[in-house]
Each structure stands twice: as structure tokens, then as C-alpha cells.
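Novice: I would like the atomic coordinates for the input below:
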Amino acid sequence: MSSPFEGMLEMLTRQRGVVGCLIVGEDDGIIVDVNVQVGIDAPVIAALAAALYRRARLSSEAAGLATVNFLQLEAERGHLCMAGRDGLVIVTITEPKAQIGLIRGAMLQSVETLA
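Specialist: Okay, here's the model as predicted:
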């Protein structure tokens, strides 16, 4: 049985430098759908991404800056990119030298289909 997010995940994982993509619940970090390379600890990534995105969204709204559209965590061995809507968060895991601008554009386009 295929997921309604399968096409979106495939499109995002085809982006150069992306090693995985997840759809997670913002409130609990539970994985809704996932497409990651072998060796990636998807549950840990999902929990981290959901917590970061939720905290950033709540802080931004409390500061009067409106809703967070895109969030990026840059680390030594790669990036976590997050975009969310209606309680779901798209998370991409990338290599350090990935073209984040292209990935960001694809994610923001994909987030419109979440609901």
C-alpha cells in the first residue's frame, strides 16, 4: 500500500545531496512516512526535527514574527532542513555540500500539499 506522501518523498530524495526525507508529526515526532538511506537513525532524526521546528514556530509566533516557513540546522556532517504545515513537518537530511537553495525551494513547494 502506497502513502499519499510517497511521490513527494521520492522527488525530494532525488535532489542532489539529499540522503533522506521524512514526514513527521510536529507535536510528537512520530514518523508518518520515511525514505532514508541505510544507516540513518530515522526515529532520532524525527524526534530532533519535530522538537526544533515546534520550538522555533512557537518562539517566532510569541515574538510576533508570524509562522516559520523554513528552518535549517547546519552541522559538521550535514544539514537538517524542515518545513511544516498543519501539524506535519517535512524533514530532509543532506550532505554538507548540498545545494540548500534548491532543496529549500523544493521543500517549500512540497509543503503546500501537506494537510
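Novice: on contacts alone, who are the packing partners of the longest helix along the chain?
Specialist: With secondary structure taken from DSSP state H, the chain has its longest helix at helix 42-62. Here helix 42-62 touches strand 18-25, strand 31-36, strand 71-75, strand 78-85, strand 88-94, going by 3 or more CB pairs under 8 Å, 6 or more residues apart in numbering; DSSP states H and E. From N, CA and C alone the C-beta is placed, and that goes for glycine too.
Novice: Quick check: mean pLDDT of the first one?
Specialist: It stands for strand 18-25. In this model, strand 18-25 carries a mean pLDDT of 96.
Novice: Kindly report the same for the second one.
Specialist: The predicted model assigns strand 31-36 a mean pLDDT of 95.
Novice: How about stretch 96-111?
Specialist: Average pLDDT, stretch 96-111: 94.
Novice: Pull the distance from that stretch to the chain's centre.
Specialist: 10 Å (CA atoms, centre = their mean, to the nearest Å).
Novice: can you check stretch 8-21 too?
Specialist: For stretch 8-21, the distance to the chain centre is 11 Å (CA atoms, centre = their mean).
Novice: Can you give me the end-to-end span of it?
Specialist: By CA to CA, to the nearest Å, the extent of stretch 8-21 from end to end equals 9 Å.
Novice: Give me the buried positions along that stretch.
Specialist: Applying a neighbour-count criterion of 16 or more other CB atoms under 10 Å, the buried positions in stretch 8-21 are 8-9, 12-13, 15, 17-18, 20-21.
Novice: Tell me which two of those sit farthest apart.
Specialist: Greatest spatial distance among the buried residues of stretch 8-21 (CB to CB): 8 and 17, at 17.5 Å.
Novice: what about residue 103, neighbour count?
Specialist: 23 (other CB atoms under 10 Å).
Novice: just residue 99 next, same as before
Specialist: 13.
Novice: re earlier: could you list the residues in contact with the longest helix of the chain?
Specialist: Here helix 42-62 makes contact (CB atoms under 8 Å, 6 or more residues apart in numbering) with 20, 22, 24-31, 34, 36, 66-68, 71, 73, 80, 82, 84, 89, 91, 93.
Novice: how about a markdown table for the buried residues of stretch 8-21, with distance to residue 47 added?
Specialist: As requested, those are arranged in a markdown table below (distance: CB to CB, whole Å):
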| residue | distance to residue 47 |
| --- | --- |
| 8 | 21 |
| 9 | 19 |
| 12 | 20 |
| 13 | 20 |
| 15 | 23 |
| 17 | 23 |
| 18 | 20 |
| 20 | 14 |
| 21 | 16 |
